[in-house]
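[1] need a structure here:
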Amino acid sequence: MSRIGRMPIAIPAGVTLTVAEGNVVTVKGPLGTLTETFAPVLTIKVEGNEAIVTRPNDEKEVRSLHGLTRALLNNMVVGVTQGYSKTLEVVGVGYKVVKQGKTLQLFLGQSLVKGLPQSSLCITEPDGITFEVPNPNTIVVKGINKQAVGQIAAVIRGKRPPEPYHGKGVKYSDEHIRRKAGKAGK
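    Modelled structure (predicted):
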């Protein structure tokens with residue numbers, strides 16, 4: 001049996017988890033609602049304040065889906081109760097971030113001379129995601145969908161990934177940049 005797949009998912013007070021036809025799971029909580037469709041070969045049962053994912057056989061594909069489904073369900077429950085966030089840091093001289101309404105504008109040392117349109121450095125908040133800028137060098141991406149939060153944070157980081165010589169760029173707050181020495185001389 002899958003060690004992760006057989007663990008029950010605790011459903012806290014204030015959260016409702018419903019399973020519809022075709023394994024369409026809806027999780028409602030204080031922060032919002034998430035809906036996801038899972039593989040129909042698995043069985044998802046709600047018993048009291050726990051959800052249990054079971055599999056019919058031990059085929060390789062079914063075994064791989066067992067733990068995945070349980071993990072995704074748990075992420076949905078955590079998302080609607082606590083939410084997810086990723087913190088990014090902007091490092092570099094003159095690099096900064098400004099939030100104007102629902103738009104995040106990044107100043108990352110790129111000018112119009114390089115041929116990049118200024119709109120490529122502006123990111124608008126998608127549905128369910130919010131940006132916070134506590135200071136000009138920090139971005140906090142928040143939301144209830146773990147996958148969407150991680151994707152948007154990766155898009156922001158991809159605008160100027162950190163480079164190993166000076167450490168300039170956009171990096172996650174818990175990311176360690178491996179530094180290189182550069183030219184040693186003669």
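[2] and after the longest strand along the chain, which helix or strand comes next?
    When the chain is parsed with DSSP state E, its longest strand is strand 84-91. Sequence-wise, the next helix or strand downstream of strand 84-91 (DSSP states H and E) is strand 96-100.
[3] Could you say which helix or strand holds the most centrally placed residue in the chain?
    For the chain, G150 is the residue whose C-alpha lies nearest the centre (Cα atoms, centre = their mean; 2.4 Å). For G150, the host element (DSSP H and E) is helix 146-158.
[4] Now do that helix against strand 84-91, angle only.
    Interaxial angle of helix 146-158 relative to strand 84-91 (axes from the mean of the first three to the mean of the last three Cα atoms, to 10 degrees): 10 degrees.
[5] what distance separates helix 146-158 from the centre of its chain?
    In terms of Cα atoms, centre = their mean, to the nearest Å, the centre of helix 146-158 is found 6 Å from the chain centre.
[6] Ok, stretch 121-134 next?
    For stretch 121-134 - counting by Cα atoms, centre = their mean - the centre lies 13 Å from the chain centre.
[7] can you pull the buried residues of stretch 127-142?
    G128, I129, F131, V133, I139, V141, K142 (16 or more other Cβ atoms under 10 Å). C-beta: built from backbone N, CA, C; applies to glycine.
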